[in-house]
Structure formats: structure tokens, C-alpha cells
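S.K.: Kindly return the folded structure for what I paste below:
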Amino acid sequence: MARRSFLDTNVLIYSVDRADPVKQETALGLIARHAKEMSGVISTQVLQEFFSAATRKLGIPPIQARQHLRDLRVFDIVQVTPEIIEEGVDCSILNTVSFWDGLIIASAAAAKCAELISEDLADGQIIQGIVVRNPFR
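M.R.: Numbering: from 1, shown residues only. Model prediction:
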């Protein structure tokens, strides 16, 4: 089995954003690979952020964004719980990252992911044993 990878919201947004074809191609490749390998993980936070950004920032019609949410069910989805929120708070304090990034890291840790695919943190950085990978640099 392939090692589990947590996909941050920016990966999903780039997959539907035509403004940067190189980033879109990279994101689509990551999504396809992790769907095929059944190694991708996202969280309810990521789903919410995706819908909000897709509709508000990219102008994607809500019904179309809703379909994207359905398509993302191919990944394991971490349900954000009060315990994960507390872990996210602790992570943000201990690692000097935003609460939202701390919550992503806590969700990835709860799902036993080996890596976090994101452009929001330093490539190669290790937080809570999870390696950050930025494929868009």
C-alpha cells in the first residue's frame, strides 16, 4: 500500500483553477495518482474551504462546486472532531503556524499520513512526524 498523503485545500483549488495551467496540471496529476493508489486523505475542513474558495474566489457555480465535493469522496475523509481541533490548537502554538494549518496537520496526523501536500508550509519541513511537500515551487 502506498504511503498516505494529506492533500491541502490549495491542491484541490488549483485543480479547478485555469489561471495557472502548470499548477492545474500538477494538481490534477496529484489527485489522479492518489485516487488511483487510494492513498489520498482530506478532511471536512478541506471540503469546506474548497467549496468557499471555489465559489467565492473562482466564481464556480455552487452546483458545480458541489459536484466536485462529491468527486472528492474518492479520498479518505477525516471528520474534524473537538479532539482534533484541540490538537490543531496545540500544533499551532507549538509550531508557530496558523490555527488553520495546525488543524490540517492535526487531521493528517489523525489519519496517520506520512506527508502533507501543501504550498502553505516550507517544503521538507517536518511537523509532528509529517513531511511537508510543496509540488508547486
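S.K.: Please go through the protein and pick out the longest helix.
M.R.: Ranked by number of residues, the top helix in the chain under DSSP state H is helix 21-37.
S.K.: Just the residues contacting stretch 70-85, thanks.
M.R.: With Cβ atoms under 8 Å, 6 or more residues apart in numbering as the test, stretch 70-85 has contacts from 4, 7, 12, 34-35, 40-45, 47, 50, 103, 106-108, 110-111. In this view, the C-beta of every residue, glycine as well, is placed from N, C-alpha and C.
S.K.: could you say what helices and strands the longest helix of the chain packs with?
M.R.: Secondary-structure packing of helix 21-37 (3 or more Cβ pairs under 8 Å, 6 or more residues apart in numbering; DSSP states H and E): strand 5-7, helix 9-16.
S.K.: looking at the ones you listed, which is buried most?
M.R.: Most buried of these by mean neighbour count (mean count of other Cβ atoms under 10 Å) is strand 5-7; its value is a mean of 27.
S.K.: any idea how far residue 85 is from residue 62?
M.R.: For residue 85, the distance to residue 62 equals 26 Å [Cβ to Cβ, to the nearest Å].
S.K.: swap that for residue 69, please
M.R.: Separation of residue 69 from residue 62 (Cβ to Cβ) stands at 10 Å.
S.K.: now do residue 128
M.R.: With distances taken as Cβ to Cβ, residue 128 is found 35 Å from residue 62.
S.K.: What does the pLDDT read for residue 2?
M.R.: You'll see residue 2 listed with a pLDDT of 73.
S.K.: I'd assumed residue 40 was in contact with it.
M.R.: No - between residue 2 and residue 40 there is no contact, the gap being 9.3 Å when judged by Cβ atoms under 8 Å.
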